[in-house]
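Engineer: Any chance you could fold what I've pasted below:
(one chain, ligands or ions: 1)
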Amino acid sequence: MTKACLERIRQAEPAVHALVTVTDELALSQAEKADELMAKGNTATPLTGIPTLIKDNMCTRGIRTTCSSRMLENFVPPYDATVVEKLNECGAVIIGKANMDEFAMGSSTENSALFTTHNPWDLSCVPGGSSGGSAAAVACSETICALGSDTGGSIRQPAGFCSVTGLKPTYGRVSRYGLVAFASSLDQIGPLTRDATDCALVMNAIAGYDPRDSTSVPYPVPDYTQCLNADLNGLRLGIPGEYFVEGMQTEVAEAIKTAITKLEELGANIDWEVSLPSTPYALAVYYIIAPSEASANLARYDGVKYGFSYQDTDNIWEALEKTRQYGFGAEVKRRIMLGTYALSAGYYDAYYLKAQKVRTLIRRELDRAFEKYDALITPTSPTVPFKIGEKMDDPLQMYLSDVCTLPINIAGVPAISIPAGFADGLPIGMQIIGKPFAEETLLKIAHAYQQATDWHKRRPSI
Ligand code: GLN
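Structural biologist: Model prediction:
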């Protein structure tokens, strides 16, 4: 299987550009070890020997972890992220590191300082982002599964754009130790896979408490495959009208409504009239909180500790300034400036504090909805994948491609995106949102839907 994926990488990479690093030697030696383990029988796990791709913002010991940034282009971590450690313990095969938007800031991988990933369904389109490399690679079978990170939609939006399954777990469900921090109160690691079953298997491997991440939650980890029975009878699903935003592509709204009707056929009770009135504020709240946290988190890149270091001066201040000037791309600098501004003494109350208050309102509104519904169903994105270059000159348009996914990180609840159709050959994703720690409900709905449809089985012809 590892050899097949490596061969596929050789074929598809010249067109797709999903991987920053291919770890072929490591992968083959891990695959050999997996073969040995499996020959012995009962020590193997479901992930033993399974090729897995890691987004390039998760530390891999001895393997370059670039964050798709000039700042970390030559950074080789001395340790593994907890999720990588856990995958290794399961005998998974690490096949490489996936391209992304620089420091996970973006929705298209166009902010990668290295190169842009192309959507395997239409090479002139973006794969989504920031985990665009992970999603594109799963879609075109360069890997069996991948890890992504999701701060405002970066697992779900590319999963939707590439027609794969992508889960953002509850905040605190998966350890962030060894994940390069973007916005620490929003970041969460999760799987990108072909279907709900694979997603459950990866969750079994990576979920759980980690004393090295003080925000990870000490709840027991269920066996996520146990919930994969196809029965949705009596499940209460709500459709929040605010997520069918103005300007949404009609084919997307139509496809999601058809998918919801399918869930109804499968036994779910649908309430089409749910209202979550704070939803429209999520975008503004996110673009205050995320840049604020980013501005603090990225202060560590000073050219002294690690990463790129401007050397052509004797002046420490100039070195610091030039390190950040050359090391960071335009979007990262924009976020640092936005965040620094929002946190500055004169504006803190008006922006940051206000955003935190609205964050609480958004969370409470969702909590109330979950008293009545087991899950909420929405589109993952307002449009199908857009053209490479189309939104690069207009940051606000780019930010808007996450309107449906941002509120979920703000509330800290879990959500999954699954393939739900195509418009003119381009994928459409459906988002299923759940109560805190109800990943099982999401997987159950996703699995039932995938038993009854074949969108997730279609592969791009590349
Ligand atoms: N696209 C959003 C942003 O640019 C979300 C990114 C993410 O989830 N990492 O911030």
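
Engineer: what sits up against the lowest-mean-pLDDT helix or strand in the chain?
Structural biologist: Among the helices and strands of the chain, helix 395-400 carries the lowest confidence by mean pLDDT, DSSP states H and E, at a mean of 90. Contacts made with helix 395-400 from outside it, assessed by Cβ atoms under 8 Å, 6 or more residues apart in numbering, are listed as G106, S107, S108, G247, L283, Y287, E331, R334, P382, K391, M392. Glycine gets a C-beta too; all of them are placed from N, C-alpha and C.

Engineer: Is it possible to mark the buried ones in these?
Structural biologist: With neighbours counted by 16 or more other Cβ atoms under 10 Å, the contacts of helix 395-400 contain buried members at G106, S107, S108, L283, Y287, E331, P382, K391, M392.

Engineer: Output those of these also counted as contacts of the ligand.
Structural biologist: Filtering the buried ones among the contacts of helix 395-400 for proximity to the ligand (criterion: Cβ under 6 Å from any ligand atom) leaves G106, S107.

Engineer: Tell me which residues touch R236, please.
Structural biologist: Listed by Cβ under 8 Å, 6+ apart, the contact set of R236 reads A268, N269, D271, K372, Y373, D374.

Engineer: My error: substitute A137 in the last question.
Structural biologist: Taking Cβ under 8 Å, 6+ apart, we find A137 in contact with I9, V16, A18, L19, L53, A98, T143, A146.

Engineer: Double-check the fifth one against T143; I have them as touching.
Structural biologist: In other words, L53. Yes - between L53 and T143 there is a contact at 4.1 Å, judged by Cβ atoms under 8 Å.

Engineer: joint contacts of the two?
Structural biologist: Any residue near both L53 and T143 by Cβ under 8 Å, 6+ apart counts here, and that gives I95, G96, A137.

Engineer: helices and strands around the helix or strand in which the first one is found, which ones?
Structural biologist: What it means is I95. Using DSSP states H and E, I95 falls within strand 93-98. Under the contact definition 3 or more Cβ pairs under 8 Å, 6 or more residues apart in numbering; DSSP states H and E, strand 93-98 sits against helix 2-16, strand 19-22, helix 24-40, strand 51-55, helix 82-89, helix 132-139.

Engineer: Repeat the analysis, applying 7 Å as the threshold.
Structural biologist: Strand 93-98 is packed against helix 2-16, strand 19-22, helix 24-40, strand 51-55, helix 132-139, with contacts defined by 3 or more Cβ pairs under 7 Å, 6 or more residues apart in numbering; DSSP states H and E.

Engineer: follow-up on the earlier one: among the buried ones among the contacts of helix 395-400, which are in strands?
Structural biologist: The strands, defined by DSSP state E, take in nothing from the buried ones among the contacts of helix 395-400.

Engineer: Identify the farthest-apart pair in the buried ones among the contacts of helix 395-400.
Structural biologist: When the buried ones among the contacts of helix 395-400 are compared pair by pair using Cβ to Cβ, the farthest-apart members prove to be E331 and P382, with a separation of 20.5 Å.
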